[in-house]
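Novice: how would this look folded up:
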Amino acid sequence: MLPETINCDDQRVPHLSGSRLNKDEVVATASRVIFGKPLVTNVYRSIVVEAMVAAVLPEWEWCSADYMSYDFVHPNGTRLEVKQSAMKQTWQTRNAPRPSWDIAPRTGFWENGTDWIARPGRNADIYILGLHDVVDATADHRDASQWRFFVIPVSQLPSTKRISLSTARSIADPWGIERLQEAVAAASAELGLNAAGQIGA
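Specialist: Now for the predicted structure:
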């Protein structure tokens, strides 16, 4: 006889037969397994951070999915890319954490998810680099107040494939979630984007 629950890493999951399952139970169980603990694995942490960004940027469309080349787009066409790095991971590390973010230029992008456009470069106008630097027992990747954000126009990024914390600090000041909207607005103004989303003089 199958057990009523499966206990894996202290995560108790209902064991139901296929005839008793419905999609709400599946979604609830999957959400609890993925997001039910303070530390979220790298694979899913980006979703948590993007959800925070979406909450404070209501005018922006959250469009990161499948083959999209950026994470958010404004009605005026401004594109936003969100990257994140956490100093405390779901596994133990021997060395001191060294946060960094992937900012590598791409060889092109997918348009409408079906057509490949070969155009080397970075596919966003503004980058948000999220940093979670709490390393004690209170660390919770799901807590927006524990994150800080560097908002950097693409023109200010170095030509490297990754950017270190020290370099990010040399370019921009970190912002709390409560001021992220203000920081993005300032970066947009610095880009000189007009109503059509094109670079203006």
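Novice: which SS class is residue 83?
Specialist: Three-state assignment for residue 83 (DSSP: H, G, I helix; E, B strand; the rest coil): strand.
Novice: what separates it from residue 38, distance-wise?
Specialist: Using C-beta to C-beta, to the nearest Å, residue 83 is found at 21 Å from residue 38. (Each C-beta comes from the backbone N, C-alpha and C, glycine too.)
Novice: more neighbours, these two?
Specialist: Taking neighbours as other C-beta atoms under 10 Å, residue 83 and residue 38 compare with residue 83 leading, 21 against 16.
Novice: please parse the chain into its domains.
Specialist: Residue ranges for the domains of the chain, per automatic domain parsing: 1-36, 39-191.
Novice: who are the contact partners of the most centrally placed residue in the chain?
Specialist: Most central in the chain under C-alpha atoms, centre = their mean is residue 46, positioned 3.6 Å from the mean C-alpha point. The contact partners of residue 46, taken as C-beta atoms under 8 Å, 6 or more residues apart in numbering, are 64, 82, 83, 84.
Novice: just checking, the second one touches residue 130?
Specialist: Spelled out, that is residue 82. Yes: counting by C-beta atoms under 8 Å, residue 130 is a contact partner of residue 82 at 6.6 Å.
Novice: in the lengthiest helix in the chain, what counts as buried?
Specialist: The single longest helix within the chain, with elements called by DSSP state H, is helix 42-56. Within helix 42-56, the residues scored as buried using 16 or more other C-beta atoms under 10 Å are 45, 46, 48, 49, 50, 52, 53, 54, 56.
Novice: which regions of the chain sit below the pLDDT cut-off?
Specialist: 1-19, 113, 193-201 (pLDDT under 70).
Novice: all strands for it, in order.
Specialist: 5-8, 11-14, 61-62, 72-73, 79-86, 100-102, 109-111, 115-117, 126-132, 147-153, 162-164, 174-176 (DSSP state E).
Novice: helices or strands next to the last one in the packing?
Specialist: Helices and strands touching strand 174-176, by 3 or more C-beta pairs under 8 Å, 6 or more residues apart in numbering; DSSP states H and E, are strand 147-153.
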